[in-house]
Structure formats: structure tokens, C-alpha cells
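[1] Everything below, folded, please.
(one chain, ligands or ions: 1)
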Amino acid sequence: MRKNAAQIRAIKNEAKAKARTSRDKSRNASRQPRDKRGRFVEERKSFMKKIGEVKPVGSVVVEAKREKVKVRGKEYYIPVDDNGNVPQYALAARFTNVREGTGPNVERRNVIIDQSSEAKTVLKGKLTPEDVKEWWARPNESDIKGVDDIESTYFDLSALKTRGRKDAQGKIAVVGGTKKEQERIRMMLSESFTLKEQNALSKDGLTVEITRLTGNAGEYHGRSDGMTYRIMVDPRFLDDDTLLHEMVHHSRMVDKDRKSPLVRTRSESNFRVLVKHQDVSLEEAATVAETAARQGNYVPPDNPHYYGPISRINGKKPYKMIAEDRALFAGSAENGSNGTKGKRAIKAVEDRFDSSHISELNLRDVMIRDGIKYPDISAKDRLKTLKNNKY
Ligand SMILES: [Zn+2]
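    Numbering: from 1, shown residues only. Sure thing, here's the model as predicted:
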């Protein structure tokens, strides 16, 4: 149908008004309402709409671009960004991999000693793989400004009050974001995991990168190319739903104290999250359950996440199920209530999982890719099968 002049005028005016609002929006960004955790409220909502409700772990495989370099006959693969420079996370993730890049007869490097001592050679600015290759081979023989020199903020532990807490997080690098955002990550780790658990989390190094993401609120990357594990999180999602959730995935993979099939990773690899399609509902449901058990200073989520698909199956209200599961695993779903950690958190999940709503998670209607959907099996049923087969 052809539009008449009045209709066209109306459409143009609407477009102008829209452009005005978007200009105002960016101008007002600093005054934009923020929620309790300091996130932009409006922006977060529209972002959530865009990424949809559910992104199971392992659904995105992000392969970084990398370049080969040679140092004294040995080959290394170093990640590069679109401009051919080595991204900061890669430098931090190489630095925290203390088992590699050591001198002869040395089993591991020491992050704290290296970071607090001054090297003669200091690399600065944007760096290519060629620039950093000597450092990459032996990180303790030179420094990179901002990464492992004395001014680096990646290992700023001042938010943590006790020596034990500082030691437990000394091998965790937090890259990007503001000082406040970096502190939020340190505090979350400290509040939600015991010291023993934090030591397990960082045993083989861990790099948390705060960076704007498109499509995901948080991403879990395995370790590769002589670097440590990496978790990426969007600064708009520094909450327990995202940050703690990714950390629980990581803990399930690296903490050897976990014994039962419910609380251990379903990943088939120890280097990256590789979960069989029939195990994805269980991996996610168990991770959600444990996140609910551990959340300290509880703030109810503003997105139904995995309770969306459950609600579509059983017709129950997602936020009501979330509150009931939180109370089931942590004892209370009141605002600001404390969670549990350590053995108590693990036991809460093991004992109560079967009576939770989240155990009914079944991703059968969720697309993996190109029309392929996850198999029709609930987390609870998958767990039963595993137990019957004696794992
Ligand atoms: Zn997940």
C-alpha cells in the first residue's frame, strides 16, 4: 500500500524523535539510573532482550586469532587482536601460567615475586607478538608495563583484608574495567568461596577479563596456547547470575575435591568446556543450583535465565521458582541474605537437587545451531542415568 503525505510526515517525525532520544540517552549516560550493583538499568534490560534468555555453556566457541613466533628453536602461538597487537588478557593469562616459561630446573614461577620486582627491560605500549616473544618465553626475565611490573593493577588485592585472602587470589589476574569493577570481582570470589576453594580455582592460574561483549553476558574460555583459564564478563553484568555462575563452572572443572557426578564438570576436557549435548541441561542446572547456594548478599535476578524454558514446560512462574530454589539451597531468599560456601554449599546441592525446580531444566526447545536442538532429557533424568550407570 502506498503511503500518503501525512503518513510519510508522521513516520519522519517519529524517526526524528527516536534520533533525539538516542542522542539524549548517550548524553545522559552518566546520569542513567543504576541498580544496587552499579549497572545501567535500562541498558541492561535491552541487552538482555537482545541476547535472549539462554546461552548454555559451550554453545559459543570463540577461536582467537594467533600468530606463531619462534624463540630459541621453540614455537609459541600468541593471540592477536584485529590490529595485530597482543591483547592485555593474553599477556595476563600467559603471566599467570606459572608452570610454563620457567628457567631450567624451576617447576613454577612466582606471580607475586615477579610482579613486585623490577626487571631491567620493560616493554611498553601496543605490542606485537614479535615484540613480546622473549617475554612470552620467559616472563620473569623482563616486565611489560601494566601487566607484571610494579604498577600493574591486575593483581591489586587491596580490597581483600586478610593475608590468607590475598594469598588465595594472588594468581588470579583481573584485567580491564574500573578499579571498582575489579574490586567487585575480588570480593565476590572472597564472599562465595572458602580459601581452600579459592586456591583450587587459581591453582593453574585464572584470568578474569572485564570487557564489553556482544551476545553474551559472560563467557568461559578454556586454557590454550600456554595461557591460563579465562573468564570474560561484561561490566553490565557483574552480578552473581553471571560472574558467580561462570566461576562455578570453573570450580566444577578444576576443584579436585569434588567427588559426585552432580557437582563435577560434565566437560570431557580439562582444558575447555566440552559438554556432550545430552549433558548440557545437567551441567547448567547443577551450576545454577550451586550459584543459588553460594550467593552472598542476595539480590533476586531481573532475568528468568534458565527458568524461562522450565516455565514453558511446567507453567509455573519463573521468579517464584527462582526464590523457592534459592531458599531450598541457601535457607533464605530475602534481599541481602547470605549464602553458604565450601562443603556446605556442595552438600546442599547434592542433597536437595532432586527436589529443586532447576533440576527439571530441559533444553529440548533451545537451538544449538542451524535448526539443531538439544536432546529431550531433563537434568534430573540425566543425573539418574549417570548414577545408574555408576558414572
Ligand atoms: Zn552456564
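
[2] Whichever strand or helix holds residue 325 packs against which elements?
    Counting by DSSP states H and E, the element that carries residue 325 is helix 318-330. Applying 3 or more Cβ pairs under 8 Å, 6 or more residues apart in numbering; DSSP states H and E, we find helix 318-330 packed against helix 280-294, helix 307-314, helix 342-352. Yep, even glycine has a C-beta here, placed from its N, CA and C like the rest.

[3] can you do 6 Å?
    For helix 318-330, the packing partners by 3 or more Cβ pairs under 6 Å, 6 or more residues apart in numbering; DSSP states H and E come out as helix 280-294, helix 307-314.

[4] Deepest-packed of those, please.
    helix 280-294 (a mean of 28; mean count of other Cβ atoms under 10 Å).

[5] Please state the offset of it from the chain centre?
    14 Å (Cα atoms, centre = their mean, to the nearest Å).

[6] ok, residues contacting it?
    Identification of contacts with helix 280-294 by Cβ atoms under 6 Å, 6 or more residues apart in numbering yields 56, 192, 244-245, 248-249, 262, 266, 275, 306, 325-326, 329-330, 339-341, 345, 348-349, 353, 356, 358-359, 361-363, 374, 379, 382-383.

[7] Same question for stretch 207-227.
    Applying Cβ under 6 Å, 6+ apart, the contact partners of stretch 207-227 are 51, 55, 77, 89, 92-94, 96-97, 100, 173-177, 181, 185, 228-235, 237, 242, 246, 249, 271-273.

[8] what's the first-to-last distance across that stretch?
    9 Å (Cα to Cα, to the nearest Å).

[9] looking only at pLDDT, what's the mean for it?
    For stretch 207-227, mean pLDDT is 83.

[10] distance between it and the chain's centre?
    For stretch 207-227, the distance to the chain centre is 7 Å (Cα atoms, centre = their mean).

[11] just to revisit the earlier point, quick one: the helix holding residue 325 to helix 280-294, angle?
    70 degrees (axes from the mean of the first three to the mean of the last three Cα atoms, to 10 degrees).

[12] Kindly export helix 318-330 (C-alpha atoms) in PDB.
    Coordinates of each C-alpha in helix 318-330 appear next as PDB, following Å, rounded to 0.1, in the frame of the first residue of the first chain:
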ATOM      1  CA  PRO A 318       9.900 -18.300  36.800                       C
ATOM      2  CA  TYR A 319      10.600 -15.700  39.600                       C
ATOM      3  CA  LYS A 320       8.700 -17.700  42.100                       C
ATOM      4  CA  MET A 321      10.700 -20.800  41.200                       C
ATOM      5  CA  ILE A 322      13.900 -18.800  41.500                       C
ATOM      6  CA  ALA A 323      13.000 -17.700  45.000                       C
ATOM      7  CA  GLU A 324      12.000 -21.100  46.100                       C
ATOM      8  CA  ASP A 325      15.200 -22.700  44.800                       C
ATOM      9  CA  ARG A 326      17.300 -20.000  46.500                       C
ATOM     10  CA  ALA A 327      15.500 -20.800  49.800                       C
ATOM     11  CA  LEU A 328      16.000 -24.500  49.200                       C
ATOM     12  CA  PHE A 329      19.700 -24.300  48.600                       C
ATOM     13  CA  ALA A 330      20.700 -21.400  50.900                       C
END
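
[13] Buried residues, that helix. List them.
    318, 321, 322, 323, 324, 325, 326, 328, 329, 330 (16 or more other Cβ atoms under 10 Å).

[14] Give me the mean pLDDT for that helix.
    Averaged over helix 318-330, pLDDT sits at 97.

[15] follow-up on the earlier one: take the helices and strands packed on helix 318-330 and write them to a markdown table, including mean pLDDT and distance to the ion.
    Formatted as a markdown table, these follow (pLDDT from 0 to 100; distance: least, Cβ to the ion, whole Å):
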| stretch | mean pLDDT | distance to the ion |
| --- | --- | --- |
| helix 280-294 | 95 | 5 |
| helix 307-314 | 92 | 13 |
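
[16] now those helices as CSV including distance to residue 117?
    Output for the helices and strands packed on helix 318-330, formatted as CSV (distance: least, Cβ to Cβ, whole Å):
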stretch, distance to residue 117
helix 280-294, 36
helix 307-314, 49
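
[17] Between these, which one is closest to residue 106.
    Residue 106 lies closest, by Cβ to Cβ, to one member of the helices and strands packed on helix 318-330: helix 280-294, at 35.9 Å.

[18] How is this protein partitioned into domains?
    For the chain, automatic domain parsing gives the domain ranges 66-144, 258-391.

[19] Break down this protein into its strands, ranges please.
    66-71, 74-79, 122-123, 143-144, 172-175, 206-210, 218-221, 229-233, 367-369, 372-373 (DSSP state E).

[20] Direction included, what does the first one pair up with?
    It refers to strand 66-71. Paired with strand 66-71 in the same sheet, following DSSP bridges, are strand 74-79 (antiparallel).

[21] my guess is residue 311 meets residue 318, correct?
    Yes: contact status for residue 311 versus residue 318: in contact at 4.5 Å, counting by Cβ atoms under 6 Å.

[22] re the thing from before, of the domains of the chain, flag the one that's most buried.
    By mean count of other Cβ under 10 Å, the domains of the chain have domain 258-391 as the most buried, with a mean of 18.

[23] so how far is that one from its chain's centroid?
    16 Å.

[24] If you average pLDDT over each of the domains of the chain, which is lowest?
    Lowest mean pLDDT within the domains of the chain: domain 66-144, at a mean of 85.

[25] Run the chain-centre distance for that domain.
    23 Å.

[26] Could you number the chain from 31 rather than 1 from now on?
    In the new count, where the first residue is 31, that last one comes out as domain 96-174.

[27] And it, end to end?
    Domain 96-174 stretches 19 Å from its first residue to its last (Cα to Cα).

[28] Residues in a beta bridge with residue 248, which ones?
    Per DSSP bridges, the residues bridged to residue 248 are residue 263.

[29] how close does the residue nearest to residue 172 when sequence neighbours are not counted sit to the ion?
    Distance criterion Cβ to Cβ, 6 or more residues apart in numbering; nearest residue to residue 172, sequence neighbours excluded, is residue 151 at 3.9 Å. In this view, residue 151 and the ion are 41 Å apart by Cβ to the ion, to the nearest Å.
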